[in-house]
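In: what follows is a predicted structure for the sequence shown.
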Amino acid sequence: MSYFAIALGILLAIALWAVLAFNRLVRLRNQVLTAWADVDVQLIRRHDLVPSLVTAVQAYAGHEQAVLTTVTELRAQAMQAQAPATLGSIESKLEAGIGRLLALREAYPDLKASENFAQLQRDLVNVEEQLQYARRFYNGAVRELNDGVQRMPDLLVARSFGFGEAEFFQADEAERAAVKVEMER
């Protein structure tokens with residue numbers, strides 16, 4: 001066998017590897033985009049519940065204006081944020097605000113007895129569960145993409161074709177405590 005055939009075989013193997021690595025990185029990038037879309041859907045569902053929740057609480061506990069205003073402002077900020085890291089920080093604050101809003105039911109028996117408020121609470125529990133799953137899937141997809149972009153020799157293909165790392169969607173360190181949403185039984 002000639003040196004030319006060996007060199008051609010090596011070049012073909014490298015080209016095949018580069019194509020496979022590129023296609024894998026494209027799949028991983030698309031998986032991150034799809035997972036982010038799932039997170040976004042759940043965030044929109046949460047954001048859609050906030051005005052109804054604020055209105056329900058306002059009807060029974062209108063003088064809790066500071067909590068109502070904070071939650072409303074955080075919702076507006078969250079709807080404007082684009083980057084996962086920024087949005088994660090705002091969403092953590094919004095979760096805490098919603099938790100404070102839900103805690104008001106203990107101080108207002110009429111609010112606690114409201115069927116509308118109870119239904120909003122059930123809807124919120126459902127959204128929070130779905131959001132948790134969506135976040136987990138998104139962060140797993142980000143981990144896979146980031147591993148692919150950082151791992152040798154795929155790093156060479158990633159840099160050559162402009163593949164970059166994605167941001168994780170996570171809460172601030174100080175705000176990692178989960179919102180407790182308890183259901184009346």
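Out: That came through, no problem.
In: mean confidence score for the host helix or strand of residue 128?
Out: Taking DSSP states H and E as the definition, one finds residue 128 inside helix 115-150. Throughout helix 115-150, pLDDT has a mean value of 93.
In: so which bits of it are buried?
Out: 117-118, 120-121, 123-124, 127-128, 130-131, 134-135, 137-139, 141-142, 144-146, 148-149 (16 or more other Cβ atoms under 10 Å). From N, CA and C alone the C-beta is placed, and that goes for glycine too.
In: before we move on, what about stretch 13-20?
Out: Per 16+ other Cβ under 10 Å, stretch 13-20 contains these buried residues: residue 18.
In: gap between that stretch and the chain center?
Out: 34 Å (Cα atoms, centre = their mean, to the nearest Å).
In: what does it contact?
Out: 153, 157 (Cβ atoms under 8 Å, 6 or more residues apart in numbering).
In: if we can go back for a sec, the helix holding residue 128 packs against which elements?
Out: helix 3-61, helix 84-103, helix 154-160 (3 or more Cβ pairs under 8 Å, 6 or more residues apart in numbering; DSSP states H and E).
In: ok, which of these comes nearest residue 71?
Out: Residue 71 lies closest to helix 84-103 among these, at 4.1 Å (Cβ to Cβ).
In: not counting sequence-adjacent ones, nearest residue to residue 170?
Out: residue 88 (5.1 Å; Cβ to Cβ, 6 or more residues apart in numbering).
In: tell me, how many residues neighbour that neighbour?
Out: Look at residue 88: counted by other Cβ atoms under 10 Å, it has 20 neighbours.
In: and what of residue 62?
Out: Residue 62 has 9 nearby residues by other Cβ under 10 Å.
In: picking that back up, and the residue nearest to residue 170, what's its pLDDT?
Out: In this model, residue 88 is scored at 87, pLDDT.
In: what separation is there between it and residue 82?
Out: 12 Å (Cβ to Cβ, to the nearest Å).
In: same check, this time on residue 107
Out: On the measure of Cβ to Cβ, residue 107 and residue 82 end up 37 Å apart.
In: more crowded one of these two?
Out: residue 107 (11 against 6).
In: the helix or strand of the chain with the lowest mean pLDDT: which residues count as buried?
Out: Sorting the helices and strands of the chain by mean pLDDT, DSSP states H and E puts helix 109-113 at the bottom, at a mean of 81. Buried residues in helix 109-113, counted by 16+ other Cβ under 10 Å: residue 111.
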